[in-house]
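J.: need a structure here:
(one chain, ligands or ions: 1)
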Amino acid sequence: MASVLAKTKRKKIIFPTKNELSEAMAEYTANLSAKFCKVRGYFTVVLSGGDLISWLSELVEPMYQESIEWSKWHIFWVDERVVPLDHKDSNYKLAFDGFLSKVPIPVANIHAIDKDCAALGDAKGAALLYEECLKRLVNRDIIRTYKASGFPQFDLQLLGMGPDGHMASLFPGHYQIKEKADLVTYITDSPKPPPKRITFTLPVINCASYNLMAVCDEAQADAVAKVFSDNFDLPAAWLTADKEAIWFLDQAAASKIPKGH
Ligand SMILES: O=C1O[C@H](COP(=O)(O)O)[C@@H](O)[C@H](O)[C@H]1O
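T.: Numbers count the residues shown, from 1 in each chain. This next block holds a predicted model:
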C-alpha cells in the first residue's frame with residue numbers, strides 16, 4: 001500500500017455553502033479543461049455517482065457552456081452500479097440526466113459500462129469489458145499512462161464519499177481496496193445497495209493527475225474527521241493523486257475535523 005500513498009499530500013478547502021462549493025468546482029474543472037485541451041487536445045474526466053452530480057450544475061451555466069471545449073472531453077465512471085443503464089440506480093443515468101444531456105460532449109466520448117452486462121447484472125463481465133475499454137483508449141493515446149507503471153492516468157476525477165468512508169465502490173472492510181494488479185474490479189455484495197458494482201482500483205484512482213473529492217453535510221462529518229485524522233480503515237483516507245488531491249468540503253462536513261488537521 002505504501003506506494004499508492006507516496007504522492008501528494010491531502011489538501012482541503014472549506015466553503016460556507018454548497019453553492020459556493022459548486023461554483024468553485026466548476027471553476028477548478030474549467031481551468032483544468034483549458035489546460036489539458038490546450039496541451040493534449042483531450043480532457044479525460046472521471047465522474048462518480050451520488051450527490052456530486054447535482055453540484056456539477058454550475059458547469060452548465062452559459063459562461064461555461066460557451067467557453068469549455070466540450071468536444072475534447074472524454075467521460076468515464078470511477079464506479080458504476082451493474083443495473084440497466086436506464087435504471088434509477090445507474091450512475092450513468094444520474095450523470096446523463098443531471099449533466100451530460102445538457103452539454104455538447106460527443107456521444108462517442110461518453111464511456112459507460114457495457115450495456116448488455118449492465119442489463120444482465122453481470123458484474124465480472126462489466127469490470128472486464130470496462131478494463132478493456134480503458135486499455136483501448138490508452139492505446140489510442142486518449143488516456144495517458146502514469147510514468148513507468150503503465151497504469152491509465154486520468155486528467156481529473158470528481159469523487160464523492162459515503163458516510164461510511166467509502167470512495168468509488170471501495171468499501172471499508174472489503175478486499176477490493178487491496179487490489180493492485182487489475183484496473184477495474186467488481187463487488188457483488190456491496191453494503192450500500194445495489195449490491196453489484198464495478199469500481200476503479202485504488203492504484204488507478206491514485207494515478208490521476210487531479211483528484212477532487214467533494215463532500216457536504218453533517219451526515220459526513222464523522223467520516224471526514226476520520227479521514228483527516230489519517231484513519232486508513234476508511235477507503236477515502238487512501239486518496240492521493242499525481243499532482244493534487246483536494247477535498248472540497250462545506251462547513252457542515254468539515255465541522256468535526258480536529259484542530260490542526
Ligand atoms: O454509491 C455511491 O456512493 C458514493 C457516495 O455517494 P454520496 O451520495 O454519499 O455522495 C459515490 O461517490 C459513488 O460513485 C456511488 O456509486
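J.: burial count for Val39?
T.: 10 (other Cβ atoms under 10 Å). All C-beta atoms are positioned from the backbone trio N, CA, C, and that covers glycine.
J.: can you tell me how far it sits from the ligand?
T.: 28 Å (Cβ to the nearest ligand atom, to the nearest Å).
J.: ditto for Glu58
T.: 17 Å.
J.: Likewise for Lys7?
T.: For Lys7 relative to the ligand (Cβ to the nearest ligand atom), the value is 21 Å.
J.: Determine the number of other residues adjacent to that residue.
T.: Applying other Cβ under 10 Å, we find 16 residues neighbouring Lys7.
J.: Secondary structure class of it, three-state.
T.: With DSSP: H, G, I helix; E, B strand; the rest coil as the basis, Lys7 sits in coil.
J.: in which helix or strand would I find the closest residue to it other than its chain neighbours?
T.: Leaving aside its chain neighbours, Lys7 sits nearest to Thr240 (4.0 Å; criterion: Cβ to Cβ, 6 or more residues apart in numbering). Using DSSP states H and E, Thr240 maps to neither a helix nor a strand.
J.: Quick check, Thr240 in contact with Asn206.
T.: Yes - the criterion here is Cβ atoms under 8 Å, and Thr240 meets it with Asn206 at 4.8 Å.
J.: who's more crowded, the two?
T.: For Thr240 versus Asn206, neighbours defined as other Cβ under 10 Å are more numerous around Asn206 (24 against 19).
J.: what sits against the more buried one?
T.: 4, 7, 238-241 (Cβ atoms under 8 Å, 6 or more residues apart in numbering).
J.: Need the worst-confidence member of those residues.
T.: On pLDDT alone, Val4 ranks lowest of the contacts of Asn206, at 47.
J.: I'd like the distance between Glu69 and Cys37.
T.: 5 Å (Cβ to Cβ, to the nearest Å).
J.: what residues do those two have in common as contacts?
T.: Phe43.
J.: which residues does the residue nearest to Asp250 when sequence neighbours are not counted contact?
T.: Distances taken as Cβ to Cβ, 6+ apart place Cys216 nearest to Asp250, at 4.2 Å, with adjacent residues excluded. Cys216 sits next to 18, 21, 51, 55, 249-250, 252-253 when contact means Cβ under 8 Å, 6+ apart.
J.: Mind checking which of those land in strands?
T.: 249-250 (DSSP state E).
J.: give me phi/psi at the closest residue to the ligand within the stretch 151-261 of the chain?
T.: Taking Cβ to the nearest ligand atom, the ligand has its nearest neighbour within the stretch 151-261 of the chain at Gly160, 3.2 Å off. Main-chain torsions, Gly160, degrees, to the nearest 10: phi -130, psi 170.
J.: hang on, it packs against Leu56?
T.: No - look at Gly160 against Leu56 with Cβ under 8 Å: they stay out of range, at 11.2 Å.
J.: What distance do you get for Val204 to Phe228?
T.: 24 Å.
J.: Compare these two and say which is more crowded by neighbours.
T.: Taking other Cβ under 10 Å, Val204 and Phe228 do not tie; Val204 has more neighbours (27 against 19).
J.: how close does that one get to Ala245?
T.: Applying Cβ to Cβ to Val204 and Ala245 gives a distance of 14 Å.
J.: What are the phi and psi values at the closest residue to the ligand within the stretch 1-150 of the chain?
T.: Nearest to the ligand in the stretch 1-150 of the chain, going by Cβ to the nearest ligand atom, is Gly50, at a distance of 2.4 Å. Dihedral angles of Gly50 (phi, psi; degrees, to the nearest 10) stand at phi 70, psi -160.
J.: Not counting its neighbours along the chain, what's nearest it?
T.: Gly160 (4.3 Å).
J.: do Ala119 as well
T.: Pro84 (4.8 Å).
J.: Pretty sure that neighbour sits against Asp116.
T.: No - counting by Cβ under 8 Å, Pro84 stays clear of Asp116, with 9.9 Å between them.
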